[in-house]
Structures are given as C-alpha cells and as structure tokens.
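Asker: Sequence first, then the predicted structure, then my questions.
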Amino acid sequence: MNVKSETSPVRLLWAAAGIACVALGLVGITLPLLPTTPFMILAAFCFARGSDRLHRWLMGHPRFGQAIRDWKRHGAIAPKAKLLAAAAMVAAILVSLLAGIAWSLIAAQAAVMTAAAAFVLTRPSPPA
C-alpha cells in the first residue's frame, strides 16, 4: 500500500484528525477556555501527514497561516496574540467570578490559566 496516496487509510485518518482539530479550533474562537491556535497548529501537523491540499490551505490561511508558520519555524507567538491570549484568560476568570462559581473551581481555573499564561508569555516573538 502506498502511504503517499491521498486515499490510503492512514492518510485519511490523519486528514480526519486534522479536520477535527480545525473544528475544535473554530469552536475555540468563541469559547475562552478552548484555545484556537494550538488546535490549528495540531491540525497543520495532522494535515502534513494526511492531505497535502488541506495542509497548503491551512498554511496559507489569511487568519491562521502566519501563526502556524511562526510556531513551526521559530516556536514563536506574536506579541498581539500573547496579549489577546492573556486578556482572554483574565476575562474567563472574571466571568467565573461574576457568575458566582465556587471558589475552589475558580482557584483551579486560575492555576491552570496562570500556567498557560506563563507558557504563552515566555515564548519568543517571531523575527521582524
């Protein structure tokens, strides 16, 4: 069986996983606890193994392509993306506070968000 064939079962599974990641990433646009960019990066990884056409589409996407290319080439996150990610994390905690969520859950949420923010904010910025 030729693994390079677009219709091989392995490539179809990789492509399906990539499509699922794109779907989760799109849902993450509206849900602050579900990050968009990591799912798009994972989708690019899957598409690279499953579909040349979908991989080219995602890498050239006007909204997500540059972030994926920056991560792939430099392990970098753009300063604007870092700021937006941190702001979304703070907003999510504030919404939880305003909604009257139990303090133990807010503490757990804050711990996870702090770790995520530390990771995002310590990544390098892409070269100019």
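Answerer: In hand now; what should we look at?

Asker: Leaving aside the residues adjacent along the chain, what's closest to the most centrally placed residue in the chain?
Answerer: When C-alpha atoms, centre = their mean is applied to the chain, the residue found nearest the centroid is P38 (1.9 Å). Excluding its sequence neighbours, the residue lying closest to P38 (C-beta to C-beta, 6 or more residues apart in numbering) is G25, at 7.9 Å. (C-beta placed from N, C-alpha, C; glycine too.)

Asker: so where's this structure uncertain?
Answerer: By pLDDT under 70, the weakly predicted segments of the chain are 1-6, 32-33.

Asker: Now do the helices in it.
Answerer: All helices of the chain, identified by DSSP state H, fall at 9-28, 37-50, 52-59, 65-74, 79-98, 103-121.

Asker: quick one: buried residues of the shortest one?
Answerer: What it means is helix 52-59. The neighbour-count check on helix 52-59 (16 or more other C-beta atoms under 10 Å) flags L54, H55, L58, M59 as buried.

Asker: per the record, what domains does the protein have?
Answerer: Domain ranges of the chain: 9-74, 79-121, per automatic domain parsing.

Asker: Turn those into JSON lines, including distance to A128.
Answerer: Shown next, in JSON lines, are the domains of the chain (distance: least, C-beta to C-beta, whole Å):
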{"stretch": "domain 9-74", "distance to A128": "12"}
{"stretch": "domain 79-121", "distance to A128": "11"}
